[in-house]
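[1] I'll drop the sequence and a predicted model, then ask my questions.
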Amino acid sequence: MKLVKRIRWLLLLIILGGAGYFALFGGEYSLFESRAVKKQKATELAQLRMLGDSIGQLQARVDSLASDPGMLERVAREFFGLVKKGERLYRFVGLGPEKRDTLKAKAERAAQVMADSMAAHAERAAQQQAQQQGSNRPPQP
């Protein structure tokens, strides 16, 4: 009788041990696999937030170029060398290669101009929103 009980307990321990092993290491639903998937999900959500911010900045840039003639003129003058009627464009030649604008330097300047314009656009939008909220508030007693 005692031998039968010991065999039952031993079988129960083997079954539980096998189930525990499978839960930790086995299949696509293992503990380690689920942790890896959670890490990947967090990483991708962070990347998604960054891309969303980037889209917002680019949309602000587009809005700025579409609605602000001064910004459009600035970009046309600085990056495309356009001039108004009656103006003259002076270009200096003969500078050494180390002093010439490279594509990288122009790209950095363009990025700075974009950043400046986006900041100005965001500031204008915040001011407009504050004005709208101020006009929509009920009078304070």
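    Looks like it came in fine. Residues are numbered from 1 along each chain as shown.
[2] all helices for the chain, in order.
    Ranges of helices within the chain are 2-25, 31-67, 69-80, 103-136, based on DSSP state H.
[3] Mean neighbour count added to those, as CSV?
    (Glycine included, C-beta is placed from N, CA and C.) Below are the helices of the chain laid out as CSV (neighbours: other C-beta atoms under 10 Å):
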stretch, mean neighbour count
helix 2-25, 10
helix 31-67, 12
helix 69-80, 13
helix 103-136, 12
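[4] what about those helices, which gets the closest to L89?
    Nearest of the helices of the chain to L89, taken as C-beta to C-beta: helix 69-80 at 9.3 Å.
[5] which strands and helices sit next to that closest one?
    Counting contacts by 3 or more C-beta pairs under 8 Å, 6 or more residues apart in numbering; DSSP states H and E, helix 69-80 packs against helix 31-67, helix 103-136.
[6] Quick one: closest of those to L11.
    helix 31-67 (24.6 Å).
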